[in-house]
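A.B. asks: Everything below, folded, please.
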Amino acid sequence: MAINLQSLRTTSAGKPARMVLYGSHGVGKSSFAAQADKPVFIQTEEGLDALTVTRFPLATSYGEVMEALECLCKDKHDYATVVIDSADWLEKLIFKQVAANNKVNSIDEIGFGKGFGFAVDLWHYILGMLEELRNVKNMGVILLAHSQVKRFDDPLTDSYDRYILDLHKGGASLISEWCDLLMFANYRVNTVKSDVGFNQKKTRAVGAGERFLHTQERPGWVAKSRWALPESMKLDYETFATELKKVKG
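C.D. replies: Reported below is the predicted structural model:
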């Protein structure tokens, strides 16, 4: 294709968002996604029984996840959002598939860390299918994931702990680059110091169970947004959707 001024295009904000929401167990990630527009869940772990949602049978292999995505791509339906619950359990299926492809029992048996590179290749296939759903079927995408705390070696200051995706670094990096929104969900926690005698103080955590959604990266967590969303808001899909519509149009 010839590149010239006639090939210029103006980008549109009209496509649905590609979202990744991660956080601790039980914070309400699935409940948040269940409030999205006409969601359908691809389930890779147990835990949806308490919610009334439309879902595929529990996927126990990488192939079954791909079959579910292919159904959504090829068949006629009116679902508007595809939810993968969860990305870290999907990664377990990816690792299992990589091991099977290489005729070993575990991905760790593939020398020189090559197995994790093969896993990234399979992630590319998954994200490609999600892109097709977004571009052809005009579906929004939500990937749910759990969090882990890991030491971050900041070259500008002392090292510190922060929340990140509970995924291998290859998959985490790819997904973080691909998505439009990488959001961290957590409970609001305050600390209180009390005197316990002998010139010593004890720090304890207190909170009322308030859950918040963080859209901007801070020292304590990884996050990003392609749009100017509020830094933090209540973990409520209606609140989030209202704010997203303001900035995305």
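A.B. asks: buried ones in the helix or strand hosting residue 97?
C.D. replies: Per DSSP states H and E: residue 97 is located in helix 87-101. Residues 87-91, 93-99 are the ones in helix 87-101 that count as buried (16 or more other Cβ atoms under 10 Å). (Glycine included, C-beta is placed from N, CA and C.)
A.B. asks: Which strands or helices does that helix pack on?
C.D. replies: helix 62-74, helix 114-136, strand 140-152, helix 169-178 (3 or more Cβ pairs under 8 Å, 6 or more residues apart in numbering; DSSP states H and E).
A.B. asks: Can you convert those into CSV and add a column each for mean neighbour count and mean pLDDT?
C.D. replies: Output for these, formatted as CSV (neighbours: other Cβ atoms under 10 Å; pLDDT from 0 to 100):
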stretch, mean neighbour count, mean pLDDT
helix 62-74, 17, 98
helix 114-136, 17, 97
strand 140-152, 20, 97
helix 169-178, 17, 98
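A.B. asks: Reformat the ones you listed into TSV and put distance to residue 217 next to each item.
C.D. replies: As requested, the helices and strands packed on helix 87-101 are exported to TSV (distance: least, Cβ to Cβ, whole Å):
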stretch	distance to residue 217
helix 62-74	29
helix 114-136	21
strand 140-152	11
helix 169-178	10
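A.B. asks: where are the low-confidence patches of the protein?
C.D. replies: 1, 9-13, 189-208, 249 (pLDDT under 70).
A.B. asks: same thing but at 90, please
C.D. replies: 1-15, 47, 49-50, 154, 156, 188-210, 248-249 (pLDDT under 90).
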